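Participant: my questions concern the predicted model and sequence given below.
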Amino acid sequence: MSAPSPTDAGDAPIRVSGLRTTFGDKVIHEDLDLEVRRGEILGVVGGSGSGKSVLLNTILGLKRPDGGTVEIFGRNIDDADAQADIERRIGVMFQQGALFSFLTVQENVETPLLEHAHLSKGFVRDLARLKIKLAGLPDNAGALKPSELSGGMRKRAGVARAIALDPDILFLDEPTAGLDPIAAGEFDDLVKTLREALGLTVFMITHDLDTLYAICDRVAVVADRKIVAVAPVAELEQSDHPWIKSYFLGPRGRAAKKQKEG
Ligand SMILES: Nc1ncnc2c1ncn2[C@@H]1O[C@H](COP(=O)(O)OP(=O)(O)OP(=O)(O)O)[C@@H](O)[C@H]1O
């Protein structure tokens, strides 16, 4: 068996160790550890203000840690030489899709391809069309501006842009927030299909219990400034941690479990 290459971090493409983050005197994370396994869909949950978005921003290199390390594909995100490679191999869909409002969907999806891949204009156009289709949007969606899309379609357009460069990791920030249950279920199906079709590792912040039950292999719980548990939902249901207990065994948690079983 050949040794793994430096960019091939065994089965943990994301590894966070001993993370400390602060805003002034306020400590958000202290000694936080998290490993995301290759090919899994990891849901990240936690109470409002527990630090999920700050964790995401720190992993993405948008916020500097005050202590500890973040490695993506086995390389420290602080390593200037690794940054371009890491950036090219991850896709991010922020809440609402974060699309450029003055560009069409097609142009939004072409943007990362034009920035990072040295391809002909015609090839970029065809690739963008393919990603739009993969994200489950109809052919005519490419010509529309984000304001002309429904909330669900906007999120799909955000996904199309996030997968433009064939990333290894897809980060999703509350992807089903604001969608009706049918659109949310369809979005879950899309994430699962893309994971299988593209071999993605998915890191997804969500409040949506249905999503956790439907598609997440494991769920990481942010509480008490760290990750207090990472496990499949069935295991978390047995946890004694007060927040986890109230989250999974409260009325909404029970309803989501019932729907999954039904
Ligand atoms: N730019 C900032 N300056 C100061 N404090 C901040 C900043 N960004 C976040 N915080 C604080 O960090 C803490 C964690 O915020 P974060 O947005 O990560 O929570 P969250 O778990 O994503 O919450 P929610 O589920 O409500 O989105 C909060 O107390 C928040 O007020």
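Facilitator: Sure thing, it's come through.
Participant: and the chain, which of its residues are near the ligand?
Facilitator: Phe23, Ile28, Gly46, Ser48, Gly49, Ser50, Gly51, Lys52, Ser53, Val54 (CB under 6 Å from any ligand atom). All C-beta spots, glycine's among them, are computed from the backbone N, C-alpha and C.
Participant: burial check on the second one, number of neighbours?
Facilitator: The criterion is other CB atoms under 10 Å. On that basis, Ile28 has 21 neighbouring residues.
Participant: now do it, the pLDDT please.
Facilitator: For Ile28, the pLDDT comes out at 97.
Participant: do you know how far it is from Arg64?
Facilitator: 13 Å (CB to CB, to the nearest Å).
Participant: now do the last one
Facilitator: Separation of Val54 from Arg64 (CB to CB): 11 Å.
Participant: neighbour count: the two, which is higher?
Facilitator: Val54 (19 against 11).
Participant: contact partners for the closest residue to that one other than its chain neighbours?
Facilitator: Residue nearest to Val54 in three dimensions, not counting chain neighbours: Ile28, with 5.0 Å by CB to CB, 6 or more residues apart in numbering. By CB atoms under 8 Å, 6 or more residues apart in numbering, the contact set of Ile28 is Thr21, Thr22, Gly51, Val54, Arg225.
Participant: hmm, which of these are the buried ones?
Facilitator: Buried members of these, counted by 16 or more other CB atoms under 10 Å: Thr21, Gly51, Val54, Arg225.
Participant: of all the residues you listed, which two lie farthest apart?
Facilitator: Val54 and Arg225 (10.6 Å; CB to CB).
Participant: by contact count, what packs against the one helix or strand Ala157 maps to?
Facilitator: Element membership of Ala157 [criterion: DSSP states H and E] is helix 151-162. Counting by 3 or more CB pairs under 8 Å, 6 or more residues apart in numbering; DSSP states H and E, the packing neighbours recorded for helix 151-162 are strand 90-93, helix 105-116, helix 121-134, strand 169-173, helix 181-198.
Participant: and Arg218, how many neighbours does it have?
Facilitator: 19.
Participant: flag the shaky bits of the stretch 51-200 of the chain, pLDDT-wise.
Facilitator: Applying pLDDT under 70 to the stretch 51-200 of the chain flags the ranges 96-97.
Participant: what ranges do the strands span in this protein?
Facilitator: 14-23, 26-36, 41-46, 67-72, 75-76, 90-93, 169-173, 201-205, 218-223, 226-231 (DSSP state E).
Participant: now the residue nearest to the spatial centre of the chain, nearest residue through space, not along the chain?
Facilitator: By CA atoms, centre = their mean, the chain has its centre lying nearest to Phe171, at 2.1 Å. Of all residues not flanking Phe171 in the chain, Val92 sits nearest, at 4.5 Å (CB to CB, 6+ apart).
Participant: one more: Ala12?
Facilitator: Per CB to CB, 6+ apart, closest to Ala12 is Glu35, 4.4 Å.
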